[in-house]
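Trainee: Kindly return the folded structure for what I paste below:
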Amino acid sequence: MSSPATERYSQILDQIISSFDLSHDFGRKGAYEAALDYARQNLIEDPNCNEFLLAAAKRLGFAAVTRETLESRVKLPKEAWLDVWISDEDDEVALTGTREGIQYLIELLTQLRDSGDPDQHIHLDRGALPMTENSANLVLFKEEETWFTGVAGEGAAEYPQREIDPKSIYAIQFIHYPPDDLPISAHKLYRVLKVEEDDGHSSTIKEFTDGTESRYYKFAFIADNDERFTYTFHLDDPAVNYFTHREILSLAMKAV
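Mentor: Residues are numbered from 1 along each chain as shown. As a prediction, the model looks like this:
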């Protein structure tokens, strides 16, 4: 951002946040939402919009949201809070939200329901609005009935294939139960160090019998114990998510 623009947006930001108490999280949250509202209403067509959003995020201690995301995302209402609690003993999950938080979740699910993109999914991360600092991470997916039943539709010869270049995979995530012999956690992202083709007969493999055998690849990554592991996964296994570097950067820029 040029010097005049920097000074101008700094002054605008000062005016926006002046009425908020920044000594606590609720005040900073309100100030950040006010800054997002200003950008949404006044800066969508401004080439320096992303710089303003970045400056607001840095000033108030939140992850930055881009103009492109601001245009397409469901607007986060004020007083929206969500918390996901997972019991270690009772195998129970509790989702708690304010009225505004629950309404926000409803709108996100509606957007996901109506999306025509088969790879569309939504991340709500701990400590990023509207999730609390103590919440578990929440990921929302939409799948066809066959994902749950395991029964393919009539005439289906094989499981639907993802359109992804294995060499472009930058990180992996395990949605359901990870392999027992790996020190890894569900829903956590793991940086992929190397990807190689595999024949599907490795001794360290997560089998996916519904997929084409040629779609197995060997991944090297650092597990929770900081050791490097090599394991084979199927590209079309719905229990494993794959992310490109661009997708990871996009997720990192999302504030909500």
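Trainee: Sketch out the low-pLDDT regions of the stretch 51-200 of the chain for me.
Mentor: Low-confidence segments of the stretch 51-200 of the chain, defined by pLDDT under 70: 65-73, 90, 117-120, 149-159, 176-177.
Trainee: Provide the contact partners of the lengthiest strand in the chain at residue level.
Mentor: Assignment by DSSP state E gives strand 189-197 as the longest strand of the chain. For strand 189-197, the external contacting residues (C-beta atoms under 8 Å, 6 or more residues apart in numbering) are 166-167, 169-173, 184, 216-223, 228, 230, 243, 248. C-beta coordinates here come from the backbone N, C-alpha and C atoms, glycine included.
Trainee: What subset of these is buried?
Mentor: Burial by neighbour count, 16 or more other C-beta atoms under 10 Å: within the contacts of strand 189-197 this picks out 169-173, 184, 216-219, 221, 223, 243.
Trainee: so what's residue 27 up against?
Mentor: 20, 21.
Trainee: any idea how far it lies from residue 17?
Mentor: 9 Å (C-beta to C-beta, to the nearest Å).
Trainee: cool, residue 56 as well?
Mentor: 8 Å.
Trainee: anything in contact with each of those two?
Mentor: Joint contacts of residue 56 and residue 17 (C-beta under 8 Å, 6+ apart) are residue 35.
Trainee: Which one's more surrounded, these two?
Mentor: Between residue 56 and residue 17, residue 56 has the larger neighbour count (other C-beta atoms under 10 Å), namely 25 against 20.
Trainee: I figured the more buried one hits residue 12, correct?
Mentor: No: under the criterion of C-beta atoms under 8 Å, residue 56 makes no contact with residue 12, lying 9.5 Å away.
Trainee: what's near enough to touch residue 242?
Mentor: Taking C-beta under 8 Å, 6+ apart, we find residue 242 in contact with 162, 164, 169, 171, 172, 173, 235.
Trainee: got the phi/psi numbers for the closest residue to the last one other than its chain neighbours?
Mentor: Same thing as residue 235. Spatially, and ignoring its direct neighbours in sequence, residue 235 is nearest to residue 215 (4.5 Å; C-beta to C-beta, 6 or more residues apart in numbering). The phi/psi pair for residue 215 (degrees, to the nearest 10) reads phi -100, psi 20.
Trainee: Buried residues, the longest helix belonging to the chain. List them.
Mentor: If each helix of the chain is counted by residues according to DSSP state H, the longest one is helix 25-42. Residues of helix 25-42 classed as buried under the neighbour-count rule (16+ other C-beta under 10 Å) are 28, 29, 30, 31, 32, 33, 34, 35, 36, 38, 39, 40.
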